[in-house]
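Peer 1: sequence first, then the predicted structure:
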There are 2 protein chains.
Amino acid sequence: MNRVKSKYLKGKEKFAIGIDLGGTNIKIALVSKAGAIRNYLKIPTNTQQGKEATITRIKQGIYQIISQSNLETRSISGIGIGAPGPLDFQKGIIHFAPNLPGWEEVPLAEIIKEEFKIAVKVENDANVAAWGEKTFGIAQGVDELVCLTLGTGIGGGLIIGGKIYHGKNNVAGEAGHIVVNKDGPLCNCGNFGCLEAYSSASGIKNRVSRRIKELKISDPSIFYQNNFDQISLVKIFEQAREGNPIVKDIVEEAIEYLGIGITTLVNLLNPEMVVLVGGITNEGDKLLNPVKDIVFHRAMRYHVADLKIVFGKLGEYAGVAGAAALLWDFD
Amino acid sequence: MNRVKSKYLKGKEKFAIGIDLGGTNIKIALVSKAGAIRNYLKIPTNTQQGKEATITRIKQGIYQIISQSNLETRSISGIGIGAPGPLDFQKGIIHFAPNLPGWEEVPLAEIIKEEFKIAVKVENDANVAAWGEKTFGIAQGVDELVCLTLGTGIGGGLIIGGKIYHGKNNVAGEAGHIVVNKDGPLCNCGNFGCLEAYSSASGIKNRVSRRIKELKISDPSIFYQNNFDQISLVKIFEQAREGNPIVKDIVEEAIEYLGIGITTLVNLLNPEMVVLVGGITNEGDKLLNPVKDIVFHRAMRYHVADLKIVFGKLGEYAGVAGAAALLWDFD
């Protein structure tokens, strides 16, 4: 490791390493306390190679970032990791993770700390996204915040009184599992009619796939991108906008139920801001405007008086930035 | 006012006055810091006489309680008031209250403080019920708590990190306005399909009344108590249990949606305990058991691992006890 002091240190700027551990990719970055991404690395998670291989790749990635940065490890405040699944943020143990097969009761903080002799924090990925947007993104200065991660699934991060809210068993914030229709489709969690079953990428794709089969559609290629293994959310939204009756109501329901779920969140938690992040936000105003319409019509008067519903602004860096920001106290 | 020191003071026991301001009754009590109700008074609110008359009755009630108690006002920590409607707990101003016609932007704390020269706190009634159960009731020692007040409407009090959670505009906790069915009946809040429209006393009664009219039932007296002006929740539940098809599904849905709403609360907030208070809890296990079944089947695994769903134990004193307890710091 390069022990020459970096020019950054002379400016007394502080740094931390932020890691976004996902089912597909591991993103690792050196992040300054001012929120700048100094070095950035994106490597495949390769979950099929097993837990140990993934952990080794994380360690190698960290070494690479440190080496590129010209910083000593002791010049780095620590390492923050955003990880999926229910986890114990205090002990840094991942209980399990649906997207990381074989990960059960993994003491990830301890493992990484053992290797780098540096402070390590592990936090739920949706909480990390919320923390990133609060610390460096659209929600700076906002102390009552709900962040929804609209991806394969739907996660939620709650900021309450300026802090991440964990609940009794560290599993608070599961906004994807607001029940929006008791008789709705089966959700990944085992329940029926959760928001995630309607409005997540997997929920929408599952509903379209089922309909293609039910209707025995001979050529469903308009819903696929490139190859026939991968049904495409972009194509589905495109077709819905063109009025294709096979998908139109599914997309409309996805948007409507997202509005309904946010209405429930707003009436319950009275946040100052709801931040939407994740893949589906690429739909832009075509998603945001109808969702806002629903919430501002349905939620209670005092609850929407000062409410802002916005997209996050950190994009793919929300995870690494928020993870790094776990190391610092911004009070 | 009697200025002879009371025997209580010799024991250095502390007292506060708790007031539960409802649309029908005003309850006032002298409450000891140990949670004992020393003096208790229940007077009609008489809302039709107007705001000023009601405020005068509150003042008279307070004088009566102080006089009965043989305490000096300076021996009393203060006066806590649980009140309906959106309000500013910091300034003690009631913005408005659907059940108190004419109450708009009423600086109740200031008015009462002016009269008695003593600390006055005003807090939302559902928050006060939660605080009462936490301080003196079933939820002692519980720091992550949801309390649902199941009465004419449905209110919610959230205890987060051991404190009442207020949200950005002091209107957090509106659990009655969790949207359980986007296409459901019109709710008092203007939205459709809120929990309150299905599972509150008024929601159930409204649905039964509408059905009696729709089905042109010639003798609906089995649903009425005493006179024909007042449809009775007790009778409705009784008839539903006997299998009366006019009300059976309405009561079943009331219970099912209550379970669905609590499932959403549990997945979102991961509380240690959900406390149910209010009139409908008189149904006892016939209500509680099916609700628990739904939540423990539908909510996420880690969320229900240590979850308790219980009835409050302060009964009609929850409001006055919780209001008095606003005056003390129990940390």
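Peer 2: Good, I have the coordinates. Residues are numbered from 1 along each chain as shown, chains lettered A, B, ... in the order given.
Peer 1: A:Glu52: what secondary structure?
Peer 2: The three-state label given to A:Glu52 by DSSP: H, G, I helix; E, B strand; the rest coil is helix.
Peer 1: next one: it from A:Gly23, what distance?
Peer 2: Distance, A:Glu52 to A:Gly23, using C-beta to C-beta, to the nearest Å: 17 Å. C-betas here are computed from N, CA, C, even on glycine.
Peer 1: okay, the two: which has more neighbours?
Peer 2: Taking other C-beta atoms under 10 Å in any protein chain shown, A:Glu52 and A:Gly23 do not tie; A:Gly23 has more neighbours (15 against 9).
Peer 1: for the lengthiest helix in chain A, buried residues please.
Peer 2: Secondary structure of chain A per DSSP state H: the longest helix is helix A:248-269. The neighbour-count check on helix A:248-269 (16 or more other C-beta atoms under 10 Å in any protein chain shown) flags A:250-251, A:253-269 as buried.
Peer 1: send the alpha carbons of stretch A:72-82 over as CSV?
Peer 2: What follows is stretch A:72-82, C-alpha atoms only, in CSV (Å, rounded to 0.1, in the frame of the first residue of the first chain):
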residue,chain,number,x,y,z
GLU,A,72,-2.9,5.5,3.9
THR,A,73,-5.7,3.5,5.4
ARG,A,74,-5.3,5.5,8.6
SER,A,75,-6.2,8.6,6.5
ILE,A,76,-9.5,7.0,5.7
SER,A,77,-12.4,7.4,8.3
GLY,A,78,-13.6,3.9,7.6
ILE,A,79,-15.6,1.7,5.3
GLY,A,80,-19.4,1.8,5.0
ILE,A,81,-21.3,-1.0,3.3
GLY,A,82,-24.9,-0.9,2.1
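Peer 1: does A:Ala318 really touch A:Val277, like I thought?
Peer 2: Yes. A:Ala318 is within contact range of A:Val277, at 5.6 Å (criterion: C-beta atoms under 8 Å).
Peer 1: what's the overlap in contacts for the two?
Peer 2: A:129, A:133, A:312 (C-beta atoms under 8 Å, 6 or more residues apart in numbering or on different chains).
Peer 1: count of neighbours near the last one?
Peer 2: Okay, so that is A:Gly312. For A:Gly312, using other C-beta under 10 Å, the count is 22.
Peer 1: show me where the stretch 51-200 of chain A has strands.
Peer 2: Ranges of strands in the stretch 51-200 of chain A, per DSSP state E, counting those that start in this stretch, are A:76-83, A:87-88, A:93-96, A:104-106, A:120-124, A:145-150, A:154-160, A:163-164.
Peer 1: and the second one, what does it pack onto?
Peer 2: Secondary structure elements in contact with strand A:87-88, counted by 3 or more C-beta pairs under 8 Å, 6 or more residues apart in numbering or on different chains; DSSP states H and E, are strand A:93-96, strand A:120-124.
Peer 1: lowest-confidence stretch among the ones you listed?
Peer 2: Mean pLDDT is lowest for strand A:93-96 among the helices and strands packed on strand A:87-88, at a mean of 94.
Peer 1: alpha carbons only: can I get that strand in CSV?
Peer 2: The C-alpha trace of strand A:93-96 is given here as CSV (Å, rounded to 0.1, in the frame of the first residue of the first chain):
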residue,chain,number,x,y,z
ILE,A,93,-24.2,-9.0,10.6
ILE,A,94,-26.2,-9.8,7.5
HIS,A,95,-29.0,-12.3,8.6
PHE,A,96,-29.8,-13.3,5.1
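Peer 1: wait, does that strand contact chain B?
Peer 2: Yes. Contact of strand A:93-96 with chain B (C-beta under 8 Å from any C-beta of the partner chain) involves A:His95.
Peer 1: for A:Ile58, list the residues it contacts.
Peer 2: A:19, A:21, A:26, A:28, A:112.
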